[in-house]
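Enquirer: Got a sequence here, can you model it:
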Amino acid sequence: MKITPYYLYWALGLFIVEVYIAIYVRDDFIRPYMGDFLVVILIYALIRGLFKFSMQSTAVGVLIFSFVVEILQYFNIVELLGLGDSNIARIVIGTTFVWEDLLAYSLGIATALMCEYFTGIKLA
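Expert: Presented below is the predicted three-dimensional model:
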């Protein structure tokens, strides 16, 4: 484990934005797509803030994880786990498989990597 405060600050900031979106935003773009776009950046930042993994390894791992979670939504994982009555589980894990979410995850990871590669700014 290697604590990197810079990434942890980004993760905290993104977490606050995600909570705000989950609680207050009720639309057809920000909540479903920007939330997914930002959540992979949040996870990327959290992992980079806690562990000494390369940018590439972290990005691939987060992308695979997010794709697996999305595919599990297709199979109604929340219901299979008996968490259908839990609002938190329904929000965190999700309940609806949407192909566009895979694109949002990919664009989120690409954005994090582009920021780190091209600007030298470690934007989580």
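
Enquirer: Just the buried positions in stretch 71-87, please.
Expert: Within stretch 71-87, the residues scored as buried using 16 or more other C-beta atoms under 10 Å are 72-73, 77-78, 83. Just so you know, the C-beta spots here come from the backbone N, C-alpha and C atoms, and that holds for glycine as well.

Enquirer: And for stretch 50-68?
Expert: Those would be 53, 58-59, 62-63, 66, for stretch 50-68 by 16+ other C-beta under 10 Å.

Enquirer: Find the residue ranges of the chain scoring beneath the pLDDT cut-off.
Expert: The model of the chain has pLDDT under 70 over residues 119, 121-124.

Enquirer: can we see that at 80?
Expert: 119-124 (pLDDT under 80).

Enquirer: one step back: need the buried residues of stretch 71-87 in TSV (columns: distance to residue 106 and secondary structure).
Expert: Below are those laid out as TSV (distance: C-beta to C-beta, whole Å; DSSP: H, G, I helix; E, B strand; the rest coil):
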residue	distance to residue 106	secondary structure
72	18	helix
73	16	helix
77	21	helix
78	23	helix
83	27	coil
